[in-house]
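> what follows is a protein structure lacking sequence information:
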Ligand SMILES: Nc1nc2c(ncn2[C@@H]2O[C@H](COP(=O)(O)O[C@H]3[C@@H](O)[C@H](n4cnc5c(=O)[nH]c(N)nc54)O[C@@H]3COP(=O)(O)O)[C@@H](O)[C@H]2O)c(=O)[nH]1
C-alpha cells in the first residue's frame, strides 16, 4: 500500500494464497473431470471389447457345437461307418478341427485316426460341455477347445483349434489384453493356457459370461492406464491449465483492484474517514482571527491520522478528489454552522480545490450548498487553487468562475511563486487573493533573494489590487516583516496548527 510507506504492513497469507487457490480449483476440478471421463471411457471400451470377443467365441462355438450335436446320435455305430460323417463335419463346419465319437465315456472313433481308444472324463469339461486343453498328442503345447455333446451313453466331441481363439483375442484386444476363461483354465492372447485364476485388471476390470456356453471373457487395463488416457489428451489438459491460469490471474487482478489505492480511497470515502482539520488565518495588523483553511485528514482505522500529501496525489490521479472535496465541504459546513455565532462576520473559509474540479459546473452547487447553511455575510468561501496545477481555460471554467463570483465566492492562488501563473492567468480567472508559498516565508531574514521575491509578490498584489495571504508563518521575525509590509492575512504555526473541530472551537475567540 503506497499511502503508508513507513507502516510495517503484515503480509496477509490468505491474500497471497487466494490466487493460487483460485488457480488450483479449476486445475483440480478439471483434472478430476478428465480422470472421471477417462475411467468412463476405459470402462466403455473394455465393455465393448468384451462384448465383441464374446460374440466372436459364441459364433465359433456355434459351429463346433452344431458339429458335435449332429454327430452324437451316431455314437455306437461302427467307426468305419461313421468316419465319413466325422470328416464331413470337419470339412463343412468352419473352425472345427476334429471330431470324435464315444460310447460310455470311451472314445472309439476319430475323424483323424479312425479307430482309437481313449477314456473320456466328463469332469474335465466345464458344465460337462467345454474343456480348454493345453494341446493334445497331435499338437502338444497348442491350445485346443473341446466341445462335448452327450446324449445318455452317446458322446460326440468336436475340437476348435486354439489358434483361432488366440487370434481373435489378439485382434479384438488390440488396445488392451483380453482373456478367455473356461472352467478353471484361461487362454492368453499368445495362445498359452494357464490352469489358475485369470489375473485381475487394475483399471476398468470387465468380465462377461456367455449366455450359451460355459465360458467368459475378461479384459481391462493395467495400473496407470487412466493417467495415460489423461496424458493422451494434451488439448484438454492445456485447456484446464489455461482455465487455471485465467482463474488465478483474474483472482489476483480482483484482489489487487480491491486493494488498489483507488479502492482503498473509495472505501474510506464511503466510511466517512476523510475529515476536516482547521488552521486559523489571522489579520496581519490586529492578529484577530479572519478565518480558517480547511485541510483534509484521513482518519484511518489502522494507520491513525494520515497526512494529506500521502493520499491527495492518489485521489487526484484516481478522479476521487472531487467527491472527496465535496464530502469535506459538507462536513466543514455542518461543523461551522453549528458554531456560526462564534464566527466573526465575513469569516473566511478556505477550501483547496483541484484543477479537475474547475471543469465541473457541479462545483457551483457545492458552493451554493456550503453557503446556504449560513446567514448572508457570515462566511466568505475562498476556493484555493494551487499554482502548481494550471487551470485550462474552457467555456465551462469561464462560466463557472463567472457564476462563482456572482455567488460571492472568492478565488485564491495557493503556493504562489512556485508555479507558472501569468498576469493574464490571474486576470482571466478574476483571482481575489495570492497566498505566498511558505517556502519563501521560511527564508525571511535568512535569504536575501527570497526576501526580494516576497517583496515582489506583495508589490504585485498591491498593483493588481489582490488580497495577500502569507502562509507558513512560524516566528515573530517573519510576522513582523510581513506586518511591516502590510500583508493583510497571515497563516502559520505561530498562530495555530491545523486542528480538529473541537480544538478549533476551544481556540475560537469568545464572541
Ligand atoms: N486538493 C486538496 N489538497 C489538500 C487538502 N487538504 C490539504 N491539502 C494539501 O495537502 C498538502 C499538505 O497539507 P497539510 O499537511 O495540511 O499542510 C498544510 C499545513 O499544515 C501546512 N502549514 C501551515 N502552516 C505551516 C507552518 O507554519 N509551517 C509548516 N511547515 N507548515 C505549515 O501547510 C499546508 C497548507 O497548505 P496550503 O493548502 O498550500 O495552504 C498541501 O499542499 C495542501 O494544499 C484538500 O482538502 N484538498
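Cool, the structure landed. As the structure is a prediction and not an experimental result, all values here were calculated from the model. Numbers count the residues shown, from 1 in each chain.

> okay, now the residue nearest to residue 198 when sequence neighbours are not counted: neighbour count?
Closest residue to residue 198 apart from its sequence neighbours, by CB to CB, 6 or more residues apart in numbering: residue 186 at 4.2 Å. The way it works is simple: take the backbone N, C-alpha and C, and place the C-beta from them, glycine included. Here the number of neighbours of residue 186 (other CB atoms under 10 Å) works out to 22.

> show me what residue 186 is bridged to.
residue 181, residue 194 (DSSP bridges).

> need the contact list for it.
Contacts were defined as CB atoms under 8 Å, 6 or more residues apart in numbering; by that measure residue 186 touches 132, 179-180, 193-194, 196-198, 218.

> and those near the ligand, which?
Checked against the ligand using CB under 6 Å from any ligand atom, the contacts of residue 186 give no members in range.

> now, of those residues, which are buried?
Buried by 16 or more other CB atoms under 10 Å: 132, 179-180, 193-194, 198, 218, out of these.

> turn those into CSV, columns for pLDDT and distance to residue 347.
Below are those laid out as CSV (pLDDT from 0 to 100; distance: CB to CB, whole Å):
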residue, pLDDT, distance to residue 347
132, 97, 113
179, 97, 102
180, 96, 106
193, 96, 112
194, 95, 108
198, 81, 102
218, 96, 99
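
> now for the residues you listed: which two are most distant?
193 and 218 (14.9 Å; CB to CB).

> spell out which parts of this protein neighbour the ligand.
Residues of the chain lying near the ligand (CB under 6 Å from any ligand atom): 279, 293, 295-296, 307-309, 312, 321, 325, 328, 352, 354, 384, 414-415, 438, 471-474, 491-493, 498.

> let's go with 5 Å and repeat that
Residues of the chain lying near the ligand by CB under 5 Å from any ligand atom: 295-296, 307-309, 312, 352, 354, 414, 471-472, 474, 492-493, 498.

> can you name the residues in contact with stretch 81-98?
If you take CB under 8 Å, 6+ apart as the criterion, stretch 81-98 is touched by 60, 63-64, 66-67, 70-71, 74, 99-101, 109-112, 114, 144, 158-161, 164.

> let's see it at 7 Å
Applying CB atoms under 7 Å, 6 or more residues apart in numbering, the set of residues contacting stretch 81-98 from outside is 60, 63-64, 66-67, 70-71, 74, 99, 101, 109-112, 114, 158-161, 164.

> pLDDT of that stretch, averaged?
Average pLDDT, stretch 81-98: 96.

> likewise for stretch 340-348?
89.

> next one: that stretch to chain centre, how far?
Chain-centre distance of stretch 340-348: 56 Å, with CA atoms, centre = their mean, to the nearest Å.

> for stretch 440-457, same thing?
In this view, stretch 440-457 has its centroid 58 Å away from the chain centroid, taken as CA atoms, centre = their mean.

> identify each buried residue in it, please.
440-444, 450, 453-454, 457.

> among those, which one lies nearest to residue 422?
Ranked by distance to residue 422 (CB to CB), those are led by residue 457 at 13.9 Å.

> check the residue in the stretch 401-511 of the chain positioned nearest to the ligand and give its pLDDT.
Distances between the stretch 401-511 of the chain and the ligand by CB to the nearest ligand atom are smallest at residue 492, namely 3.3 Å. Residue 492 carries a pLDDT value of 97.

> apart from its neighbours in sequence, what residue is nearest it?
Residue 492's closest residue in space is residue 473 (CB to CB, 6+ apart), at 3.2 Å.

> including distance to residue 397, could the buried ones among the contacts of residue 186 go into JSON lines?
JSON lines is the format used below for the buried ones among the contacts of residue 186 (distance: CB to CB, whole Å):
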{"residue": "132", "distance to residue 397": "102"}
{"residue": "179", "distance to residue 397": "91"}
{"residue": "180", "distance to residue 397": "95"}
{"residue": "193", "distance to residue 397": "101"}
{"residue": "194", "distance to residue 397": "98"}
{"residue": "198", "distance to residue 397": "92"}
{"residue": "218", "distance to residue 397": "89"}
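
> which member of the residues you listed is positioned nearest the ligand?
The closest of these to the ligand turns out to be residue 218 (CB to the nearest ligand atom; 82.1 Å).

> pull out the buried residues from the contacts of stretch 81-98.
60, 63-64, 66-67, 70-71, 74, 99, 101, 109-111, 158-161, 164.
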